[in-house]
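J.: dropping a prediction and its sequence here:
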Amino acid sequence: MVGFGVAGLLIAVLTHELGNIKLWQAFGFFVLSATLLGWVFVAMAHLISVVVSEKSRAAGLALLVWFLFVLVFDLALLGLLVGSGGSVAADVFPYLLLLNPTDVFRLANLSGFEAAQAYSGLTSVASAGLFHPAMLMSVLLTWVLFPFGVALWLFNRRLT
């Protein structure tokens with residue numbers, strides 16, 4: 001909550017358009033999507049902790065999963081693009097980005113800003129109009145609900 005107040009204060013100080021409702025909507029969308037992204041990794045950590053019996057192994061695996069999604073996945077996609085000489089089907093590649101919650105987060109937050117698209121890395125491959133923000137948020141929500149659901153199912157199964 002403190003971060004939200006500090007960020008809101010920065011927006012108020014750095015912009016002359018304090019009354020611009022689109023600015024506050026974009027900020028609210030960012031806060032919601034960032035919260036969902038955090039919950040994605042919490043859900044994955046819960047799933048890992050249900051599957052693994054040792055705390056230290058669960059913590060290590062959770063960090064490894066985070067590292068794989070944040071760094072390695074995009075490197076693999078970039079390698080796919082370079083290795084294929086850019087011949088990966090343009091209609092398939094943007095959907096590969098949906099397999100990574102951090103890319104979904106980037107797509108949701110950067111696709112609406114034309115100036116940012118030039119600097120957004122792999123997400124610039126997906127055109128701004130390809131994915132609707134509500135659809136991207138539902139994908140992020142699915143990334144939260146699926147691991148939590150599997151973790152709950154495995155935990156309940158272990159209890160019986």
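T.: Thanks, I have it. Numbering: from 1, shown residues only.
J.: can you pull out the low-pLDDT segments for the chain?
T.: Residues of the chain that meet the criterion pLDDT under 70 lie in 1-20, 86, 89-90, 111-129.
J.: next, give phi and psi for E54.
T.: Torsion angles at E54 (phi, psi; degrees, to the nearest 10) stand at phi -100, psi 140.
J.: for it, grab the count of nearby residues.
T.: The local packing of E54 (other C-beta atoms under 10 Å) involves 10 other residues. (Each C-beta comes from the backbone N, C-alpha and C, glycine too.)
J.: next one: it from G60, what distance?
T.: Distance of E54 to G60, computed by C-beta to C-beta, to the nearest Å: 9 Å.
J.: please apply the same query to V51.
T.: V51 is 13 Å from G60, by C-beta to C-beta.
J.: how about L107?
T.: For L107 relative to G60 (C-beta to C-beta), the value is 29 Å.
J.: those two: which has the busier surroundings?
T.: Taking other C-beta under 10 Å, L107 and G60 do not tie; L107 has more neighbours (29 against 13).
J.: so which bits of the helix or strand harbouring K22 are buried?
T.: Taking DSSP states H and E as the criterion, K22 maps to helix 21-51. Within helix 21-51, the residues scored as buried using 16 or more other C-beta atoms under 10 Å are 33, 36-37, 39-41, 43-50.
J.: could you say what helices and strands it packs with?
T.: Helix 21-51 sits against helix 2-14, helix 55-67, helix 101-110, helix 133-159, with contacts defined as 3 or more C-beta pairs under 8 Å, 6 or more residues apart in numbering; DSSP states H and E.
J.: would you turn these into CSV with distance to L77?
T.: Formatted as CSV, the helices and strands packed on helix 21-51 follow (distance: least, C-beta to C-beta, whole Å):
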stretch, distance to L77
helix 2-14, 30
helix 55-67, 16
helix 101-110, 8
helix 133-159, 17
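J.: deepest-packed of those helices, please.
T.: When the helices and strands packed on helix 21-51 are scored by mean count of other C-beta atoms under 10 Å, the highest mean neighbour count falls to helix 101-110 (a mean of 23).
J.: pretty sure N109 sits against L32.
T.: No: contact criterion C-beta atoms under 8 Å: N109 and L32 do not qualify, at 10.3 Å.
J.: rewinding a little: how big is the angle separating the helix holding K22 from helix 133-159?
T.: Interaxial angle of helix 21-51 relative to helix 133-159 (axes from the mean of the first three to the mean of the last three C-alpha atoms, to 10 degrees): 20 degrees.
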